[in-house]
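> Give me the fold of what follows.
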Amino acid sequence: PAPEAASAPEAEATETQDPSLPRLSIDIVDYDTEGRVAMSGKADLDHTVRIYLDNKHVGTAPADENGNWALTIGEPIEPGNYTMRADQLDSSGNVTARVEIPFERARPDQILEPGSRYVVQPGNSLWRIARRTYGEGLKYWVIYHQNRNQIRDPDLIYPGQIFALPNEEIQQ
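Numbering: from 1, shown residues only. A predicted model of the protein is given here:
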């Protein structure tokens, strides 16, 4: 009962956000084994989003009629740490909002080890982390149970959170 009560005010705050404030977000960042990055988010209607990776312009995407934007970077990127930035531009080309997030492209062969810690990356889900750690996504509950003090909803995890990846035996 307590976790549900704690999450309800957050939902209301999101729905009652002042419409005069700029709305810009990078919601999903994902990449394939070759390093092609795809991302999406929200922006104000009739605005364009310009994306930068380590301050290098990599693409531009318009916000659709629902305020959604999406972009796939044409060139693959190498494994490593990056800063992704989104600038929201009005029709005159002026920046009206800006967000930056850290982003790590892991090596494709990187295996997550039980008993270690993991820093959540954009585009991660507990299912995906469990599949890479334990071999099957259904074991997401192992991670959720071990880290329940910082995960209110197993469907909502955030870049930068640090999770313990327990040995399966601990949570049987």
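> Give the other helices and strands that whatever helix or strand Ile51 lives in contacts.
When secondary structure is defined by DSSP states H and E, Ile51 falls within strand 48-53. Using 3 or more CB pairs under 8 Å, 6 or more residues apart in numbering; DSSP states H and E as the contact criterion, the secondary-structure elements in contact with strand 48-53 are strand 37-42, strand 56-62, strand 68-72, strand 80-89. From N, CA and C alone the C-beta is placed, and that goes for glycine too.
> winner for burial among these?
Among those, ranked by average contacts under mean count of other CB atoms under 10 Å, first place goes to strand 37-42 (a mean of 21).
> and that one, what other elements does it pack with?
In terms of contact count using 3+ CB pairs under 8 Å, 6+ apart, strand 37-42 is assigned the packing partners strand 25-31, strand 48-53, strand 68-72.
> out of everything not next to it in sequence, what's closest to Pro62?
If the residues on either side of it in the chain are set aside, Pro62 comes closest to Thr48, at 5.3 Å by CB to CB, 6 or more residues apart in numbering.
> what's the neighbour count on the one you found?
Counted by other CB atoms under 10 Å, the residues lying close to Thr48 total 17.
> Thought Ala86 was touching it, still the case?
No - when contacts are counted by CB atoms under 8 Å, Thr48 is not listed as touching Ala86 (10.5 Å).
> rewinding a little: what residues are up against the residue nearest to Pro62?
Applying CB atoms under 8 Å, 6 or more residues apart in numbering, one finds that Thr48 lies in contact with 60-63, 88-89.
> same check, this time on Glu136
If a contact means CB under 8 Å, 6+ apart, then Glu136 has Ala130 as its contacts.
> what comes up buried for the helix or strand hosting Glu104?
Remark: Glu104 resides in strand 95-105, with elements defined by DSSP H and E. Using 16 or more other CB atoms under 10 Å as the burial criterion, the residues of strand 95-105 that qualify are 97, 99, 101, 103, 105.
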